[in-house]
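Chemist: Could you look at this predicted model? Sequence included:
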Amino acid sequence: MQAFGIWYGVLVVVMMIVMLYPQVRIIRRAGYSGWWFLTMFVPIVNLIMIWVFAFAKWPALDRAKQ
């Protein structure tokens, strides 16, 4: 039973990295700080931030126009 717990923990960490890395990359390419991915862990705030990122002006697009 103990070995299963260790492998399960390793699997959870690997899956979190696999899921979080692309999100951080997308947020950074939009021109925001990569630390905004932490809002994903707050239940209502994560839904609000999806809408904010979707409809706000992206700083990266403003820099590309200049």
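Modeler: Looks like it came in fine.

Chemist: What is the subsequent helix or strand relative to the longest helix seen in the chain?
Modeler: Taking DSSP state H as the assignment, the helix of the chain that covers the most residues is helix 2-29. Sequence-wise, the next helix or strand downstream of helix 2-29 (DSSP states H and E) is helix 43-55.

Chemist: Please point out which parts of that next one sit buried.
Modeler: If you call a residue buried by 16 or more other C-beta atoms under 10 Å, then helix 43-55 has these buried ones: Met49. (Glycine included, C-beta is placed from N, CA and C.)

Chemist: Contacts for that helix, please.
Modeler: Defining contact as C-beta atoms under 8 Å, 6 or more residues apart in numbering, one finds that helix 43-55 is touched by Ile27, Ala30, Tyr32, Trp36, Thr39, Met40.

Chemist: nearest residue to the second one other than its sequence neighbours?
Modeler: Pointing back at Ala30 there. Nearest residue to Ala30, sequence neighbours excluded (C-beta to C-beta, 6 or more residues apart in numbering): Trp58, at 4.5 Å.

Chemist: what about the one you found, distance to Val52?
Modeler: The gap separating Trp58 from Val52 is 11 Å, by C-beta to C-beta, to the nearest Å.
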